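Novice: heads up, no residue letters with this:
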């Protein structure tokens, strides 16, 4: 088959290819998220990326559904959407089995989500997102737990309390404030959107002031539930949670306490993730009165946060030993030795390229594989090898049969 | 917001929801795949599910691209496809950085892939697939390594050599045979397709016999490369690899040795996965002469295989301890205790429901959490708890401060 025109090697616009070094960073991020969520007893779930489009019409918010989803019609005429967020899927799954599941239900997932946006720093068309949700708890204990998990994930990444702050608000409190101060009660939803935008949009700020007729959001004080949140978090040693009446969160489904975690770096002072309470989202499936609190934390913004602070570990090759051969006839020896070592749990790769020995060792070095041995005439005759540690250049002569123990000890 | 019509809780047709018990099975399958691939020094990579549609036009095969892909036009007018397989993506990524990558390159991935098919047993519209590929090795050593990995994955799942067999063939050998025996040399591609179908399609078998004019495929004998494969695999103790001249593999890009792993259960004697050599796939990107061998193993078929043989481990809750409380005022105590235990690496969930104690313990049991303690007046007064192991019913009274050591010992 001859190709007239060669294909581009570019990935689709706004998504990422994960070469092994990038994948290792993702895995580090996901493993860290996983370990914290599981320490709180959260169980992992997931679902397909494809959902019926109607799932997002009810509650996700107009802008996202109408302008930012990947939606299409499948070959059977069904309207489908690549999920732009995980919460509606979680709510669908909980509603489907609400009779069999036992509450409180603690679930987490690290799905990829898609949004059709203009790609820019911190915003791509596809990202992965830790979702942590607790279902079935009406008390503020659930809100506190969810915020403690968000805090612990940040700490597990090596962030200090000074690196970030947790801005907490209550939509119920906001609604009370608005119903007291808005002349036109129909303007509540508009006012909410203006509050959401006013931190970074002066026009919104000024429109909000007009709507509120002189009243200032900054006059608001925490209600009882919020006070309990701050008190208990402080009791856990969490001192970087603050009341911020400007926090709303974009999605329509939030009902009460909401929060956003901010990067405190003055050059990057922005929200990195957030969440809140969304009681009753399962109503849309005919399953009423399920309380829910959760948050979503994206890989792109958290990776930026960690990179700036040099908190991402160095790449580590899965192979511990690389076997080179002086000629093709020793590849058989290499494969047998590798098989024995693998049987003892040592990860081994073989060169197989028939390049010059120096090039084979350089390959190991480039792949960050820590140890190398070369097999040839002499090694076959004496049953010994020279084990070289590439980071130090140290060489050690060993009987081949001692390799397992030696590499096991250097694990 | 009132809902006129309630939404369905069904997932999209032909895809799966993974509730925690199902997710645990997937994780077990993926972790097992990962550990074997990494033991051979393979590095994990991944990419977005969305690819430019043109990526699949060149080599994937007509039926799949024209009838079985999820393809659509994005909001910017780009033709995109949800990947139906990972190999073209891997080839694209290798081609994009072929100057920087060092060969032999060992890569693996466990992506999800989509095909628009009628859902049936073992075939869904979305499945996950282990892809293991080695690039840059022309010698048969690469084919042997890839088959050894396929074998080791099966063994790591607990399968015995009697549970499966590896059917090996060579497309080069087939092509030589066809060029000697076909009257019409233009019929080679048709003949390949008939061979691929003839094991389960009698019409194809009879058409093939007509094309071959009396010659039988069963007259074929292994060539030198295949003999080397069988000999070396046997040297590794792999005795269930056999020559099968009927193996072709569906994709157009295979060039030489191909293989399929069969379930040997007489009631389910079918191919569960396979792979082969596909030298030169990067040609379509203008990067010629990159040798490649790999295989793809799907989660749906392997899960069927494991379920039939009872090889899937029992579900284990991430939480080790469940804390119940006799009244809401002890939830604060529970959260502080939980926080201390988590700090020592013990996974803990708290009930938070304010249900009756019996119901709280039943919840722990239903979630398969192994240990339970209840906090109340007495526990606060005495600083002791009764630790109950749910599987045995054993109870033990302990000072609260000893819980960490005790649960750590029972890890």
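Specialist: Great, that's in hand. In this text the structure is predicted, and so the values were computed from the model without any measurement.
Novice: Where do the strands of the stretch 51-200 of chain A begin and end?
Specialist: Under the criterion DSSP state E, counting those that start in this stretch, strands of the stretch 51-200 of chain A are mapped to A:70-73, A:79-82, A:105-109, A:112-114, A:126-135, A:164-170.
Novice: And the second one, what does it pack against?
Specialist: It refers to strand A:79-82. In terms of contacts (3 or more CB pairs under 8 Å, 6 or more residues apart in numbering or on different chains; DSSP states H and E), strand A:79-82 is packed against strand A:50-52, helix A:54-57, strand A:70-73. C-betas here are computed from N, CA, C, even on glycine.
Novice: The ones you listed: which one's closest to chain B?
Specialist: Across the helices and strands packed on strand A:79-82, chain B has its closest neighbour in strand A:70-73 (3.6 Å, CB to the nearest CB).
Novice: For the stretch 101-250 of chain A, just list every one of the helices.
Specialist: Ranges of helices in the stretch 101-250 of chain A, per DSSP state H, counting those that start in this stretch, are A:141-156, A:171-181, A:188-198, A:202-212, A:224-235.
Novice: Can you say which of the ones you listed is packed in most?
Specialist: Most buried of those, by mean neighbour count (mean count of other CB atoms under 10 Å in any protein chain shown): helix A:141-156, with a mean of 23.
Novice: tell me what it is packed against?
Specialist: Applying 3+ CB pairs under 8 Å, 6+ apart, one finds that helix A:141-156 contacts helix A:20-39, strand A:126-135, strand A:164-170, helix A:224-235, strand A:257-263, strand A:271-277, strand A:292-298, helix B:331-343.
Novice: any weak-confidence spans in chain A?
Specialist: Within chain A, the stretches falling below the threshold (pLDDT under 70) are A:1-4, A:58-65, A:409-411.
Novice: Could you measure from the closest residue to residue A:204 other than its chain neighbours over to residue B:301?
Specialist: Once flanking residues are discounted, residue A:204 sits nearest to residue A:197: 3.8 Å by CB to CB, 6 or more residues apart in numbering or on different chains. Relative to residue B:301, residue A:197 is positioned 50 Å away (CB to CB, to the nearest Å).
Novice: contacting residues for residue A:136?
Specialist: Shown in contact with residue A:136 (CB atoms under 8 Å, 6 or more residues apart in numbering or on different chains): A:103, A:104, A:105, A:290, A:291, A:292, B:353.
Novice: and the gap between the fifth one and chain B?
Specialist: As judged by CB to the nearest CB, to the nearest Å, residue A:291 and chain B stand 10 Å apart.
Novice: thought that residue was touching residue A:142?
Specialist: Yes - between residue A:291 and residue A:142 there is a contact under CB atoms under 8 Å: 7.1 Å.
Novice: residues shared between the contacts of these two?
Specialist: Common contact partners of residue A:291 and residue A:142 (CB under 8 Å, 6+ apart): residue A:277.
Novice: re earlier: any idea which of the helices and strands packed on helix A:141-156 gets closest to residue B:375?
Specialist: helix B:331-343 (5.2 Å; CB to CB).
Novice: Do that closest one and chain A come into contact?
Specialist: Yes - applying CB under 8 Å from any CB of the partner chain, one finds that helix B:331-343 is in contact with chain A at B:331, B:332, B:335, B:336, B:338, B:339, B:342.
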